[in-house]
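S.K.: Compute the structure for the input listed below.
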Amino acid sequence: MNWVVNNMATTVNNAFAEFMKEKVNLDQEKNKIARSSRDNLIDNIKGFSGDSDFFVVYTDKILRFGSFERRTKIRPIDDIDLMLCLSGEGTRTYIQSGEVFYINGSDADSKNGLMTDNTNYLNSTKVINRFISKLSDLQDYSKAEMHKNHEAATLQLKSYTWNFDIVPCFYTDTGFYLIPDGSGNWKKTDPRIDNERITDINQKHNGKLLELIRLAKYWNNRKVTIRIGSYLLECMILQKYENKEASENWWIDLEFRDLLNYLSSAILSDVDDPKGIQGNLNSFCWDDRCKISDALTNAYNKAVEASNMELNDKNQKGAITKWGEVLGNDFPEYTGE
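M.R.: Below is the predicted model of the structure:
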């Protein structure tokens, strides 16, 4: 949604419009630059394709994913995710043992030292390190290193504040991706399901849901309680709106109020991975679930006070002040008389 902002927080609607534009939503110009820099990086990596010490890039299956691609990222842009797909080249096959996948490497993989010691299996950690080695030669980037989860290469730029998290992957003949599992082997995923799901549910709600998700993420990042993982938070919100009828009357403050109430209950339950791969996404213990629920309930109660002031008491100043208690000091102050 493109807010029209008059920079006068005299009503709750104006205050939210200013807040979303100035503090939550990505700056449109930086967003364009970030997308352009991502495309430039893809072109640079394609230039490695077929090198004797690298892989053949499977161009058609390169996957842009994560919150930046789903348009649920909030300020500032800190990381951009990219799955760089490599060609199986016929000789690479996989076997599965439980949730762990092993990829039989090629002769070239063996020659390049990419196998797990004393096996014929392609080692995902060594593949990431090969990416790091190649990425380190690129201009315009200051440093390439292993991501802390050992599932990606992180590339830092010289000119901008965001990093790229680059995940090497293979696309299987059964229609899913294999990515590093952090232990040298591989695991199954398919972010296309997440991308399509959020697009469909957002369209169902007339394109207004993404901004609500970003607002919830902003509250979550205030650290008033134990932080909920970004993906888990998105999945809980999508679960609510997947089953909710679209409404012509959509006010982000009232939607956010009701969402806080929903999340205070949802966080107490298990949350299934919509891809059907990871199982339960909610790994919080019961005590932590209760702490988060209490914080959400507290925020909801304040949001109810704010909406009552606005709708019943016609007290815009009081409502804006109360919303500031929920969303923090960056929420606009009342500027009326």
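
S.K.: show me where the stretch 151-300 of the chain has helices.
M.R.: Under the criterion DSSP state H, counting those that start in this stretch, helices of the stretch 151-300 of the chain are mapped to 191-204, 209-221, 230-242, 252-266, 286-311.

S.K.: whoops, the stretch 1-150 of the chain was the one
M.R.: 12-19, 28-46, 66-70, 107-111, 124-135.

S.K.: Among these, which comes closest to residue 59?
M.R.: When the helices of the stretch 1-150 of the chain are compared by CB to CB, helix 28-46 sits nearest residue 59, at 6.6 Å. C-beta coordinates here come from the backbone N, C-alpha and C atoms, glycine included.

S.K.: Who are the packing partners of the closest one?
M.R.: Judged by 3 or more CB pairs under 8 Å, 6 or more residues apart in numbering; DSSP states H and E, helix 28-46 is in contact with strand 79-86, strand 163-171.

S.K.: Apply 7 Å and report the result again.
M.R.: Here helix 28-46 touches strand 79-86, going by 3 or more CB pairs under 7 Å, 6 or more residues apart in numbering; DSSP states H and E.

S.K.: So which residues make contact with the strand it packs on?
M.R.: 34, 38, 45, 55-58, 61-66, 68, 162-171, 177, 179 (CB atoms under 7 Å, 6 or more residues apart in numbering).

S.K.: now with 6 Å?
M.R.: 38, 45, 55, 58, 61-63, 65-66, 68, 162-171 (CB atoms under 6 Å, 6 or more residues apart in numbering).

S.K.: what's the answer for stretch 104-111, then?
M.R.: Against stretch 104-111 from outside (CB under 6 Å, 6+ apart): 91, 92, 93, 115, 120, 122.

S.K.: rerun that using 10 Å as the cut-off
M.R.: Stretch 104-111 is contacted from outside by 52-56, 88-95, 103, 112, 114-116, 119-123, 126-127, 130, using CB atoms under 10 Å, 6 or more residues apart in numbering.

S.K.: and the residue nearest to residue 331 when sequence neighbours are not counted, what helix or strand is that in?
M.R.: In this structure, residue 331 finds its nearest non-sequential neighbour in residue 324, 4.3 Å apart by CB to CB, 6 or more residues apart in numbering. Residue 324 is part of helix 316-327, with elements assigned from DSSP states H and E.

S.K.: Tell me the helices and strands packed up against that helix.
M.R.: In this structure, helix 316-327 makes packing contacts with helix 12-19, helix 209-221, helix 252-266, helix 286-311, judged by 3 or more CB pairs under 10 Å, 6 or more residues apart in numbering; DSSP states H and E.

S.K.: Distance to residue 232 and mean pLDDT for the ones you listed - can I get that in TSV?
M.R.: Below are the helices and strands packed on helix 316-327 laid out as TSV (distance: least, CB to CB, whole Å; pLDDT from 0 to 100):
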stretch	distance to residue 232	mean pLDDT
helix 12-19	24	97
helix 209-221	10	98
helix 252-266	10	98
helix 286-311	11	98
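
S.K.: tell me the centre residue of the chain?
M.R.: Closest residue to the average C-alpha location of the chain: residue 67 at 2.8 Å, with CA atoms, centre = their mean.

S.K.: list the contacts for that residue?
M.R.: 73-74, 79-81, 194, 198, 213-214, 217, 230-231, 234.

S.K.: Out of the helices and strands packed on helix 316-327, which gets nearest to residue 157?
M.R.: helix 209-221 (22.5 Å).

S.K.: Restrict that closest one to CA atoms and write it as PDB.
M.R.: Extracted in PDB, the C-alpha atoms of helix 209-221 (Å, rounded to 0.1, in the frame of the first residue of the first chain):
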ATOM      1  CA  LEU A 209      -1.900  -8.200   4.400                       C
ATOM      2  CA  LEU A 210       1.900  -7.700   3.700                       C
ATOM      3  CA  GLU A 211       1.900  -4.300   5.500                       C
ATOM      4  CA  LEU A 212       0.100  -5.900   8.600                       C
ATOM      5  CA  ILE A 213       2.800  -8.600   8.700                       C
ATOM      6  CA  ARG A 214       5.500  -5.900   8.600                       C
ATOM      7  CA  LEU A 215       3.800  -4.000  11.500                       C
ATOM      8  CA  ALA A 216       3.700  -7.200  13.500                       C
ATOM      9  CA  LYS A 217       7.400  -7.800  12.800                       C
ATOM     10  CA  TYR A 218       8.200  -4.300  14.000                       C
ATOM     11  CA  TRP A 219       6.400  -4.900  17.300                       C
ATOM     12  CA  ASN A 220       8.200  -8.300  17.600                       C
ATOM     13  CA  ASN A 221      11.600  -6.600  17.000                       C
END
